[in-house]
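> mind folding the following:
(chains A and B, ligands or ions: 2)
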Amino acid sequence: MTALARSEWLKIRTVRSWWAYLAVILLLSAIAVAGEIGSAEAANRSEHGFQLGLVDTVGLAALLAIILGITIVTAEFRHGTITPAFLVAPRRERVIAAKAVVGAAVALGFALLALLVVVAIGVPWLELVGAEVRLTDGEILTRVAQTLLSAVLWALMGVAIGAVVQSQVAALVGTLLWIFLGEALIVGVLGLVDADGASAYLPFRALDAADGTGGEGLHSYWPGVAVSLGWIALLGALGTERARRRDIT
Amino acid sequence: MIEVEELSKRFGKTQAVAGLSFRVEPGTITGFLGPNGAGKSTTLRSVLGLVHPDAGHATVLGVPYRELDRPLHRVGAVLEASEVHPGRSGRNHLRVQAAAAGVLRSRVEEVLALVELSAAAKRRVKGYSLGMRQRLGLATALLGDPEVLVLDEPANGLDPAGIRWLRDLLRSLAAEGRTILVSSHVLAEVAQTVDRVVIIHRGKLVQQATIAEVIASAQGSTRIRSPQAERLRELLAAAGAAVTATGDGALISDAPPERVGELSAANGVVLHELTIERATLEEVFLELTGGETTE
Ligand SMILES: Nc1ncnc2c1ncn2[C@@H]1O[C@H](COP(=O)(O)OP(=O)(O)OP(=O)(O)O)[C@@H](O)[C@H]1O
Ligand SMILES: [Mg+2]
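Numbers count the residues shown, from 1 in each chain, chains lettered A, B, ... in the order given. Ligands and ions are numbered 1, 2, ... in the order given. Reported below is the predicted structural model:
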């Protein structure tokens, strides 16, 4: 298993998109933090809520995490490299498991990198303008931990979706459409039939709850994590079974 | 060593493999032959646990591939030359596979040198020629120093020098005691390399024999020219041989030249030409496989 995980880590690092991921995180995080601080009223900058919001910019790592998770599975089907992957590990579930472990670890790395940008830009800037830096407050540290775990959950969801769908384009486009359109539609329909409560159980509404930022009609944090894990387990099991059965021709 | 028993696989309406059985003996190079669409790749992929057969089964080294411990150290495979991420360098492709198989990094450099790809190892596979991709595939198969090699059309895309190189490589690998199953749709391509052939057509076994037997079955005919062709024709026909006349006035008979010579000498018939015409391997192959492809 560690051999397979090392191989997966090498796979991620040895294609150019790796640098694209890192560049996008650095760039978007820097822009987000600068935007937050630059646009805030001077008086607000010392506030607890404002600094929580700074931590929340790390949330963009989640989107990259799910793209990574989907891609590390589907790229193998797309390029046919699934053949050598299954030749070296004919018990295919081990390949999927290795991808989940490494995808989760790399997503954690993405979130940590984004956090680093927030700290590296945010702290000196806040100190420069004489604001009180509260980034080590208990509540803020909790939010940091929640954001890191959220990136891990999104990556795992990506691996599970990738294994279910297997086609790269369909998985990426389908997931984005589902997140930004599909769930909103379902939430609307559930509202019409007086079943609003059910919408919190939708996969990405659950993931939304599991980033700790809260929101209207969402589960609270731990139930959100639990429902997310339930979806990941369900889709992961389905996807693994599909990968096991598929004829690799 | 490799055993395929009553293997069947259907894809939708296509019966790719239909009750195929054959064995590959240890320490031999076996050619796995059949026209396009005969079911070679499907069979090899079933042997390697990549395709789930509908019926029958295949074993390697006595067990289904899936049950092999550290399979890359036991069985090496080259399937399609295109199964590489185009953006990864050749060396990194091998490192990825080596890491998964628990093979040392130094072995990556060894196999790169073995397939003469060291100079291009840094380049992205996108820029490789088909021949270079085949070499990379071979290098991947050899990573674990396996005792069994399964190669699906490894000569595809190789130039004549490359084919000779491949032939020599396979020979030296076999000389080390490895068992090799190599597919091709051109009999002549592997005739000089293999000990045995398994010929399939439409997913079924057509012939399983030594290459010597196949060459022997390339039965010859005799070409005769004589100023007394009509007389000789009657003599041959009377002796029970089949005779046909060709457009240029020669005769073709299934009687061996010795027999024709004896007959003509005994009857005072003058001969101007007496030659053996052997069917080529390709003709034998085409005859065995019906001279058409399944696709
Ligand atoms: N995944 C698939 N889906 C549908 N049909 C398939 C699939 N794989 C193979 N076939 C069909 O099964 C038959 C056998 O294919 P296979 O690839 O095994 O032949 P082959 O002997 O390797 O041919 P070639 O010499 O062209 O490589 C063909 O008719 C092919 O079209
Ligand atoms: Mg084929």
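> for the chain, what spans make up the helices?
Using chain A here. Along chain A, the stretches classed as helices by DSSP state H are A:2-13, A:17-39, A:48-56, A:60-79, A:82-88, A:92-128, A:138-165, A:168-177, A:183-192, A:196-199, A:203-209, A:221-245.
> oops, wrong one, chain B.
Counting by DSSP H, the helices of chain B are B:40-47, B:90-101, B:105-114, B:130-142, B:160-175, B:187-191, B:211-217, B:229-238, B:257-266, B:281-288.
> get me the contact residues on the stretch 1-150 of chain B for chain A.
Residues of the stretch 1-150 of chain B lying close to chain A (C-beta under 8 Å from any C-beta of the partner chain) are B:11, B:41-42, B:45, B:48-52, B:65-66, B:68, B:71-72, B:77, B:79-80, B:82-89, B:92, B:95-97, B:99-102, B:140. The C-beta positions use only the backbone N, C-alpha and C, and glycine is treated the same way.
> restrict the residues you listed to those near ligand 1?
B:11, B:41, B:42 (C-beta under 6 Å from any ligand atom).
> which ChimeraX command selects the buried ones in those?
For the buried members of these, the matching ChimeraX selection, counting by 16 or more other C-beta atoms under 10 Å in any protein chain shown, is:
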select /B:41,42
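> sorry, back to before: format the helices of chain B as a markdown table; extra columns: mean pLDDT and distance to residue A:46.
Converted to a markdown table, the helices of chain B look like this (pLDDT from 0 to 100; distance: least, C-beta to C-beta, whole Å):
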| stretch | mean pLDDT | distance to residue A:46 |
| --- | --- | --- |
| helix B:40-47 | 97 | 65 |
| helix B:90-101 | 97 | 49 |
| helix B:105-114 | 96 | 53 |
| helix B:130-142 | 94 | 59 |
| helix B:160-175 | 91 | 71 |
| helix B:187-191 | 81 | 78 |
| helix B:211-217 | 78 | 86 |
| helix B:229-238 | 90 | 114 |
| helix B:257-266 | 90 | 108 |
| helix B:281-288 | 74 | 85 |
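> looking at chain A, which residue is nearest ligand 1?
Of all residues in chain A, residue A:249 sits closest to ligand 1, with a separation of 3.6 Å (C-beta to the nearest ligand atom).
> show me the contacts for the residue positioned nearest the centre of chain B.
The residue lying closest to the centre of chain B (C-alpha atoms, centre = their mean) is residue B:31, at 3.5 Å. The contact partners of residue B:31, by C-beta atoms under 8 Å, 6 or more residues apart in numbering or on different chains, come to B:182, B:183, B:184, B:187, B:190, B:191, B:193, B:194, B:196, B:197, B:198, B:211.
> just residue B:134 next, same as before
B:78, B:81, B:154, B:155, B:156, B:157, B:158, B:162, B:166.
> who's the closest spatial neighbour of residue A:36, skipping the chain neighbours?
Nearest residue to residue A:36, sequence neighbours excluded (C-beta to C-beta, 6 or more residues apart in numbering or on different chains): residue A:54, at 5.6 Å.
> rewinding a little: closest one to residue A:168 among the helices of chain B?
helix B:90-101 (18.4 Å; C-beta to C-beta).
> near ligand 1, which residues of chain A?
residue A:249.
> low-confidence ranges in chain A?
Low-confidence segments of chain A, defined by pLDDT under 70: none present.
> my guess is residue B:115 meets residue B:138, correct?
Yes - contact criterion C-beta atoms under 8 Å: residue B:115 and residue B:138 qualify, at 5.2 Å.
> between these two, which contacts overlap?
If you check residue B:115 and residue B:138 against C-beta under 8 Å, 6+ apart, the residues they both contact are residue B:169.
> phi and psi next, for the residue of chain A most remote from its centre.
Distance from the C-alpha centroid of chain A, by C-alpha atoms, centre = their mean, peaks at residue A:130 (33.8 Å). Here is the backbone geometry of residue A:130 (degrees, to the nearest 10): phi 80, psi 20.
> tell me who's in contact with it.
Residue A:130 neighbours (C-beta under 8 Å, 6+ apart): none.
> how near is it to residue A:114?
As judged by C-beta to C-beta, to the nearest Å, residue A:130 and residue A:114 stand 26 Å apart.
> go on, residue B:239?
94 Å.
> tell me which of those two has more neighbours.
Taking other C-beta atoms under 10 Å in any protein chain shown, residue B:239 and residue A:114 do not tie; residue A:114 has more neighbours (28 against 14).
> got the contact list for the more buried one?
Counting by C-beta under 8 Å, 6+ apart, residue A:114 has contacts A:25, A:29, A:57, A:58, A:60, A:61.
> could you dump the residues you listed to CSV with neighbour count?
CSV is the format used below for those (neighbours: other C-beta atoms under 10 Å in any protein chain shown):
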residue, neighbour count
A:25, 22
A:29, 24
A:57, 23
A:58, 29
A:60, 19
A:61, 30
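> pick out the most distant pair among these.
Maximum distance among the contacts of residue A:114 (C-beta to C-beta): 10.9 Å, for A:25 and A:57.
> got the contact list for the residue of the stretch 51-200 of chain B found nearest ligand 1?
Closest contact between the stretch 51-200 of chain B and ligand 1, by C-beta to the nearest ligand atom, is at residue B:185 (4.6 Å). By C-beta under 8 Å, 6+ apart, the contact list for residue B:185 reads B:33, B:34, B:35, B:36, B:38, B:40, B:153.
> filter those to the buried ones?
Buried members of the contacts of residue B:185, scored by 16+ other C-beta under 10 Å, are B:33, B:34, B:35, B:38, B:40, B:153.
> which ones among those also lie next to ligand 1?
Okay, of the buried ones among the contacts of residue B:185 touching ligand 1 (C-beta under 6 Å from any ligand atom), that's B:34, B:38, B:40.
> just the contacts of residue B:31 now: which is nearest chain A?
In terms of C-beta to the nearest C-beta, no member of the contacts of residue B:31 lies closer to chain A than residue B:183, at 14.4 Å.
> show me what the residue lying closest to residue B:207 once chain neighbours are set aside is bridged to.
Nearest non-adjacent residue to residue B:207, counting by C-beta to C-beta, 6+ apart: residue B:199, 4.5 Å away. According to DSSP bridges, the partner residues bridging residue B:199 are residue B:33, residue B:207.
> enumerate the residues of chain B near ligand 1.
B:11-12, B:14, B:16, B:34, B:36-42, B:185, B:294-295.
> swap the cut-off to 8 Å and go again
Residues of chain B found near ligand 1 (C-beta under 8 Å from any ligand atom) are B:9, B:11-12, B:14-17, B:34-45, B:152-153, B:183, B:185, B:200, B:203, B:294-295.
> quick one: residues contacting residue 244.
All of this is about chain A. A:92, A:93.
> you answered for a different chain; I wanted chain B.
B:251, B:252, B:253.
> correct me if wrong: the first one contacts residue B:221.
No - Residue B:251 sits out of contact with residue B:221 when judged by C-beta under 8 Å, with a separation of 10.1 Å.
> neighbour-wise, which of the two wins?
residue B:251 (21 against 17).
> state the pLDDT value of the nearest residue to that one once chain neighbours are set aside.
Nearest non-adjacent residue to residue B:251, counting by C-beta to C-beta, 6+ apart: residue B:224, 4.5 Å away. If you check residue B:224, the pLDDT there is 91.
> wait, residue B:224 sits on residue B:248?
No - at 11.9 Å, residue B:224 does not count as touching residue B:248 under the criterion of C-beta under 8 Å.
> perfect, that will be all.
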